[in-house]
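>>> could you work out the structure for the sequence below:
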Amino acid sequence: MQISDLLGIHAEFVASSELNALGTKTDRLISVLDELGADEYISGPAAQSYIEVEKFKESGKTLYWYEFAHPVYPQLFGGFVPCYLQSICCSTWANHET
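As a prediction, this is how the structure comes out:
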């Protein structure tokens, strides 16, 4: 069972190495989007230092910047420590019926 199953996410996961994407950096990213038929891309703010926004505009694809604000959730032991896997275990998996 994969984490996506526990979260109820039903999607096809594809490794970029399985695609015929061309180029490097932003060109390669746009090539991956082309191959997947995607016209939008969501990226974290750290990528603003290297993604070439103009190339996205030229490609006709929409680029979104998403800054994740980590929620505070109940933990089993001690104070709050942000951890994606623990949030899944404490929230989703603990309530999952087998």
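
>>> ok, then the element right after the longest helix that the chain contains?
Longest among the helix segments of the chain by residue count, using DSSP state H, is helix 25-36. Sequence order places strand 40-43 as the next helix or strand after helix 25-36, per DSSP states H and E.

>>> in that next one, what counts as buried?
Tyr41 (16 or more other CB atoms under 10 Å). To be clear about C-beta, it is placed using only N, CA and C from the backbone, and glycine gets the same treatment.

>>> quick one: strands adjacent to it?
Using DSSP bridges, strand 40-43 pairs in its sheet with strand 62-65 (parallel).

>>> for the protein, what are the low-confidence residue spans?
Scanning the chain for pLDDT under 70 picks out the ranges 78, 80-98.

>>> now do the helices in it.
Under DSSP H, the chain gives helices at 3-6, 25-36, 53-59, 84-87.

>>> tabulate the ones you listed (a markdown table), appending distance to Gly44 and mean neighbour count.
Below are those laid out as a markdown table (distance: least, CB to CB, whole Å; neighbours: other CB atoms under 10 Å):
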| stretch | distance to Gly44 | mean neighbour count |
| --- | --- | --- |
| helix 3-6 | 19 | 12 |
| helix 25-36 | 13 | 17 |
| helix 53-59 | 14 | 13 |
| helix 84-87 | 14 | 12 |
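
>>> quick one: which of these is nearest Leu19?
helix 25-36 (4.9 Å; CB to CB).

>>> contacts for the closest one?
Helix 25-36 is contacted by residues 14, 16, 19-23, 39, 41, 50-52, 55-56, 59, 61 when judged by CB atoms under 8 Å, 6 or more residues apart in numbering.

>>> just the buried residues out of those residues, in ChimeraX syntax.
Command for ChimeraX that selects the buried part of the contacts of helix 25-36, burial taken from 16+ other CB under 10 Å:
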select :21,41,51,55,56,59,61
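
>>> let me know the closest of the contacts of helix 25-36 to Val72.
Tyr41 (28.7 Å).

>>> the closest one bridge partners, please.
Beta-bridge partners, per DSSP bridges, of Tyr41: Leu63.

>>> just checking, it touches Val53?
No - judged on CB atoms under 8 Å, Tyr41 makes no contact with Val53 at a distance of 11.0 Å.

>>> need the overlap of contacts for these two.
Leu63.
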